[in-house]
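1. any chance you could fold what I've pasted below:
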Amino acid sequence: MAEKAPQKTKIDKIPDGLKFAFGGLAGMVSICVVQPMDLLKTRMQLSGGGRTTFSMASEIVRKEGVLGLYNGLSAAVLRQALYSTSRFGIYDNLFEYYKKSNNNVPPNYLIKMLMGVFAGSVAAMCCTPSEVALIRMTADGRLPPEKRRRYKNVFDALMRVVKEEGVLKLWRGATPTVARAMVVTAVQLATYSQAREMFIPYVPDGIALHFCAAMMSGLVTTIASMPVDIIKTKIQNAAKGQSQLSVVTNLLRNEGVLSLWKGFVPYYARLGPHTVLIFIFLEQFNAAYLRYANSQ
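-> Just a heads-up that it's a prediction; the model follows:
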């Protein structure tokens, strides 16, 4: 009697290295779609107020052309390569380690948030130089011609900052950048994981489930992270010699507390779709790998 061929064990885990790679790739692809909204968000945060999203977009197109909406794209892609790679990889590894150590029981929402805080803080320190370059490149068009920095690309921006202002200026605004990343990663990843678990009994597993969970995550993350993001943007674009404390006090004194949510529409229009796209791409990359691995 012929012996049965041993049944192949089904692969249901993503290798640690690919968790980092897929996170970064999902972030880079997503930012290419939403970069115009990111630029609008930055310009509105730096404006004195009284501008609508539409009027700001019209002015940019009129003065800088349609491609002006993509100013700073190289910095945005580099930022995602560093930021998304780190935070998704670290968070996923912490998530799986917790489940393995607790009889396959997933962490609760609070623990997920703490995992996000740690992942976000590490990722933010890695990407702060590219964040400084991104803010300056997207803000350059609003300056008078004689004051524009005119960086050619993200690498030109980084080298000129080091040459003209010193290497430590690459981490200008690192404190609010880390604070924002801690808030965004903690809320975004924890809310997505939690919403996914909540929706799965009612929504079929697939793109529909990922979309619903990501939309909830994007809205909650926008509300929670906007104040820190605006402070970070103001500090990183501040003139040389201006202290971080003076930037914050001038903002609150001149524009009021509600200015911390200025540009909510473009911010959510950027963060909402970016959250949806990044999680959909990430889930599809994971699913494609598992299909390939189990077909071999």
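
2. low-confidence ranges in the stretch 101-250 of the chain?
-> Applying pLDDT under 70 to the stretch 101-250 of the chain flags the ranges 239-241.

3. break down it into its helices, ranges please.
-> Shown for the stretch 101-250 of the chain, the helices assigned by DSSP state H, counting those that start in this stretch span residues 109-139, 154-165, 174-199, 207-236, 244-255.

4. between those helices, which one is closest to Thr52.
-> helix 244-255 (16.4 Å; Cβ to Cβ). From N, CA and C alone the C-beta is placed, and that goes for glycine too.

5. nearest residue to Lys234 other than its sequence neighbours?
-> The spatially closest residue to Lys234, leaving aside those adjacent along the chain, is Val247, at 5.0 Å (Cβ to Cβ, 6 or more residues apart in numbering).

6. count the residues that sit near the one you found.
-> Neighbour count of Val247, defined by other Cβ atoms under 10 Å: 19.

7. surely it meets Asn237?
-> No - using Cβ atoms under 8 Å, Val247 is not in contact with Asn237; the gap is 9.1 Å.

8. ok, Asp38 touching Thr138?
-> Yes - Asp38 is in contact with Thr138 according to Cβ under 8 Å; the separation is 7.0 Å.

9. okay, those two: which has more neighbours?
-> Thr138 (27 against 24).

10. give the contact list for that one.
-> Thr138 is in contact with Asp38, Leu39, Thr42, Arg43, Asn71, Gly72, Ala75, counting by Cβ atoms under 8 Å, 6 or more residues apart in numbering.

11. just give the nearest non-adjacent residue to Ile90, would you?
-> Ala119 (3.9 Å).

12. show me what contacts that neighbour?
-> Taking Cβ under 8 Å, 6+ apart as the test, what Ala119 contacts is Ser86, Arg87, Phe88, Ile90, Tyr91, Leu94, Thr185, Leu189.

13. between the residues you listed, which sits nearest Ala293?
-> Proximity of the contacts of Ala119 to Ala293 (Cβ to Cβ) peaks at Phe88, which lies at 19.2 Å.

14. helix or strand for that closest one, which one?
-> helix 73-101 (DSSP states H and E).

15. relative orientation of that helix and helix 154-165 in degrees?
-> Angle of helix 73-101 versus helix 154-165, following axes from the mean of the first three to the mean of the last three Cα atoms, to 10 degrees, is 100 degrees.

16. which parts of helix 73-101 are buried?
-> 73-92, 94-95 (16 or more other Cβ atoms under 10 Å).

17. just to revisit the earlier point, what do Asp38 and Thr138 both touch?
-> Common contacts of Asp38 and Thr138 (Cβ under 8 Å, 6+ apart): Gly72.

18. follow-up on the earlier one: list the helices and strands the helix holding Phe88 packs on?
-> Helices and strands touching helix 73-101, by 3 or more Cβ pairs under 8 Å, 6 or more residues apart in numbering; DSSP states H and E, are helix 16-46, helix 109-139, helix 154-165, helix 174-199.

19. try 6 Å
-> Secondary-structure packing of helix 73-101 (3 or more Cβ pairs under 6 Å, 6 or more residues apart in numbering; DSSP states H and E): helix 16-46, helix 109-139, helix 154-165.

20. tell me which of those sits nearest to Met215.
-> With Cβ to Cβ, the closest approach to Met215 among the helices and strands packed on helix 73-101 belongs to helix 16-46: 14.3 Å.

21. buried set for stretch 222-238?
-> Within stretch 222-238, the residues scored as buried using 16+ other Cβ under 10 Å are 222, 224-238.
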